[in-house]
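Trainee: any chance you can model this:
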Amino acid sequence: MKPLFPSEAIVRIIVDNMIHQPITMIKRFPTGKAHYVWDVKTTNDELVVRLTRPDKQLSFESAFYWYQLLKPKGVPLPTIRSHDVKGEKYGFPVIVMDRLPGT
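Mentor: Here you go, the predicted structure:
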């Protein structure tokens, strides 16, 4: 049975499988209505891991579409390190990106 909501345990599996670095810190962002977002530090990187419910898949597909269009034109966007916008591997659409500096 698939979980109804993304959890920290799923985020840990995703980072392990997609980034291949040990996590040194993981914390869920306290805001957000449509997505589940975690601030993750690994031994080498600071990441943002975004997941959403399968019924919100279109929003991740759209975000990835615009990323592919705008990033090469020099728009300052965080680099997407890995993704599964259809949610085929983990049961939830996921985007892993570099964390931008700041709060």
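
Trainee: which strands and helices lie in contact with the helix or strand encompassing Gln68?
Mentor: Per DSSP states H and E: Gln68 is located in helix 57-70. Packing partners of helix 57-70 (3 or more Cβ pairs under 8 Å, 6 or more residues apart in numbering; DSSP states H and E): strand 46-52, strand 80-84, strand 94-98. To be clear about C-beta, it is placed using only N, CA and C from the backbone, and glycine gets the same treatment.

Trainee: so how far is that helix off the chain centroid?
Mentor: Centroid separation between helix 57-70 and its chain, computed with Cα atoms, centre = their mean, to the nearest Å, is 13 Å.

Trainee: where does the prediction get shaky in the chain?
Mentor: The chain contains residues with pLDDT under 70 at 1-4, 103.

Trainee: give me whichever of the helices and strands packed on helix 57-70 is most buried.
Mentor: Of all the helices and strands packed on helix 57-70, strand 46-52 has the most neighbours on average by mean count of other Cβ atoms under 10 Å, namely a mean of 22.

Trainee: angle of that strand against strand 80-84?
Mentor: 20 degrees (axes from the mean of the first three to the mean of the last three Cα atoms, to 10 degrees).

Trainee: direction included, what does strand 46-52 pair against?
Mentor: strand 35-42 (antiparallel), strand 94-98 (antiparallel) (DSSP bridges).

Trainee: sorry, back to before: now distance to Phe5 too, for the helices and strands packed on helix 57-70, in a markdown table please.
Mentor: Below are the helices and strands packed on helix 57-70 laid out as a markdown table (distance: least, Cβ to Cβ, whole Å):
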| stretch | distance to Phe5 |
| --- | --- |
| strand 46-52 | 9 |
| strand 80-84 | 17 |
| strand 94-98 | 13 |
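
Trainee: out of the ones you listed, which gets nearest to Ala9?
Mentor: strand 46-52 (11.8 Å; Cβ to Cβ).
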